[in-house]
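> prediction below, plus the sequence it came from.
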2 protein chains.
Amino acid sequence: MSLVENRSPRLRAVMGELMAHVGTARTVGVTGSPGVGKSTLVTAMVGAYRSTGARVGVLAVDPSSPFTGGAVLGDRVRMQEYATDAGVYIRSMASRGHLGGLSWATPQALRVLDAVGFEVVVIETVGVGQSEVEVAGLADTTVVALAPGMGDGIQAAKAGILEIGDVFVVNKADRDGAGTVVRDLTAMLRAAPSVPALESAGWTPPVLRTIAHRGSGVEGLVQALAEHADWLSSSGRLQARRRRQAREEIEALAQADFLDRARAGLGDATIDDLAARVAAGELDPYSAADQLLPSGERY
Amino acid sequence: MSLVENRSPRLRAVMGELMAHVGTARTVGVTGSPGVGKSTLVTAMVGAYRSTGARVGVLAVDPSSPFTGGAVLGDRVRMQEYATDAGVYIRSMASRGHLGGLSWATPQALRVLDAVGFEVVVIETVGVGQSEVEVAGLADTTVVALAPGMGDGIQAAKAGILEIGDVFVVNKADRDGAGTVVRDLTAMLRAAPSVPALESAGWTPPVLRTIAHRGSGVEGLVQALAEHADWLSSSGRLQARRRRQAREEIEALAQADFLDRARAGLGDATIDDLAARVAAGELDPYSAADQLLPSGERY
């Protein structure tokens, strides 16, 4: 995993070796706004999977997640129980500052966990924002988590995350307004037009209730995830999703490699100089970008 | 602006022409979680700037923003008053699905508005998520908006957006808990280590209160933004920020161009075939990405 994070040159050789051993792990994305209790939900899911004997990996792609360092005490305590459990692996993927970095690093981290025998890998993303929605697409099954009292059904609709959910969870279901969120969400999902071309066509997303900090409803969630996994396999959608994911990974990787090569080839000082000329209005950004692109015949 | 959104080949020529006319607009990013009232705040800011005679552009990089179509009625009504005002230009930049697309398109849209004489351009971003934080970096001055009752001070700290704020606004300041958010935020900002290398070193971010739907506190915000703009100019930080922005734009543009060329050169069917082989475990993603990269000598 360190090789992935450091973009080690050895990663290439390692990936080559791993390829023959991947494809069996089920990947579950869990996404939702800050405050809906995603991390608590993920922790409860880890417990539910562990009780069935499955090995579980967690990749946290959320700068506000306790898994990535921004811990609130309760979550830290809950995670402690897995600190010495070799069947649980938790890693933060919340590196910022590398354009599209999550898009190429996350699938490779997934592949490592898959190859070494984790049956389930959970990707936690913050659920608001372009990169995060893209990363949610890296999972076979996407769980959209909401909570009462945050105007969250409407916010979810506005943020366009209704479309990406295979399973919906209304967490904090013991709070006032949980029933309203469930009803609103169910109505919005029913009202959504069925588009046969969508990856999810033929699957009706269930709307479940959980109280994650008590573990309530989490078994039902794990059951729904198993049903979705079965549906993906039997409908042929799993293969289609994984091909799309692979294409996105290849393109993100090529873009990252391209930029590395351009920086190495030109040198940082030259690129900084181009930037200074653009900032001063002396050069347009396209002409500057051209300097980073290779010239001549190419393919 | 349509040229920007459509990535028209003519954009290159247009940008070349525009370069001599840019650099005077002040750019303000407004970021914050869904529900803090960002759009209402931006609308109120537009009103405050208009009352001084300034022309104002708004670029909404937030899929949940009413400016991008997910409107709630109140915001739509408030925006109506500007529908026939030639001094106000509002555009959604919330295109998804193009990796890093916001990073290259937003600065170009900014440049267009700058060149045609808008004194102020406001970029509204959702404030959670990697792309959105990157886009916030495109503004000269970044406003981080929070609201009481959302655990929002802590969430902001966790999400890492404290570092990017030049001015903080606690909106919905008439609600319970507003004082607590202001106090917590002020304490967190004071506790933050002063890092001379940071772009913001030497500037103490003010924490302001607004009730945006009533316009309360908005003049004070506009005043604070003017003070920050003055500080940027007099400290030399403006030039440094704009060079960094230009470098990010150039690199994002080069990455987008690179991917376009690779897709055109190889053809979609070939890339899909590579993806299918990666998904099947027959090919590693690095070797697949290599096919997209040009071969041979380059710079």
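Thanks, I have the structure now.
> so where do the strands sit in the stretch 151-299 of chain A?
Under the criterion DSSP state E, counting those that start in this stretch, the stretch 151-299 of chain A contains strands at A:167-170, A:207-209.
> and of these, who's closest to A:Ala145?
Closest to A:Ala145 of those is strand A:167-170 (CB to CB; 4.7 Å). (C-beta placed from N, C-alpha, C; glycine too.)
> can you spell out which helices and strands pack onto that closest one?
If you count contacts as 3 or more CB pairs under 8 Å, 6 or more residues apart in numbering or on different chains; DSSP states H and E, strand A:167-170 packs onto strand A:141-146, helix A:178-191, strand A:207-209, helix A:218-235.
> for the longest one, list the C-alpha coordinates in CSV.
The C-alpha coordinates for helix A:218-235 follow below in CSV (Å, rounded to 0.1, in the frame of the first residue of the first chain):
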residue,chain,number,x,y,z
VAL,A,218,-26.6,-3.1,10.0
GLU,A,219,-27.3,-6.8,9.4
GLY,A,220,-30.1,-5.8,7.0
LEU,A,221,-27.7,-3.5,5.2
VAL,A,222,-25.2,-6.3,4.8
GLN,A,223,-28.0,-8.5,3.5
ALA,A,224,-29.1,-5.9,1.0
LEU,A,225,-25.5,-5.5,-0.2
ALA,A,226,-25.2,-9.3,-0.7
GLU,A,227,-28.4,-9.2,-2.8
HIS,A,228,-27.1,-6.4,-4.9
ALA,A,229,-23.8,-8.3,-5.5
ASP,A,230,-25.8,-11.3,-6.6
TRP,A,231,-27.9,-9.2,-9.0
LEU,A,232,-24.7,-7.6,-10.4
SER,A,233,-23.3,-11.0,-11.2
SER,A,234,-26.5,-12.6,-12.5
SER,A,235,-27.4,-9.6,-14.7
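> the helices and strands packed on strand A:167-170: which one's closest to chain B?
strand A:141-146 (11.7 Å; CB to the nearest CB).
> related to what we said a few turns ago, out of the helices and strands packed on strand A:167-170, nearest to B:Arg247?
Using CB to CB as the measure, strand A:141-146 is the one of the helices and strands packed on strand A:167-170 that comes nearest B:Arg247, at 34.4 Å.
> now the angle between helix A:218-235 and that closest one, please.
Here the directions of strand A:141-146 and helix A:218-235 differ by 140 degrees (axes from the mean of the first three to the mean of the last three CA atoms, to 10 degrees).
> neighbouring strands for strand A:141-146, and are they parallel or not?
strand A:26-31 (parallel), strand A:167-170 (parallel) (DSSP bridges).
> just the residues contacting that strand, thanks.
Strand A:141-146 has contacts (CB atoms under 8 Å, 6 or more residues apart in numbering or on different chains) with A:26-33, A:36-38, A:41, A:127, A:136, A:152-153, A:156, A:161-162, A:164-171, A:181, A:185, A:221, A:225, A:228-229, A:232.
> cool, and stretch A:220-229?
Counting by CB under 8 Å, 6+ apart, residues outside stretch A:220-229 touching it are A:26, A:28, A:41, A:45, A:48-49, A:52, A:140-141, A:143, A:166-167, A:169, A:203, A:206, A:208, A:210, A:238.
> please apply the same query to stretch A:232-251.
Applying CB under 8 Å, 6+ apart, the contact partners of stretch A:232-251 are A:23, A:103-104, A:107-108, A:134, A:137-138, A:140-141, A:199-200, A:202-203, A:229, A:231, B:99, B:259, B:262, B:271-272, B:274-276, B:278-279, B:285, B:288-289, B:292.
> no further questions, thank you.
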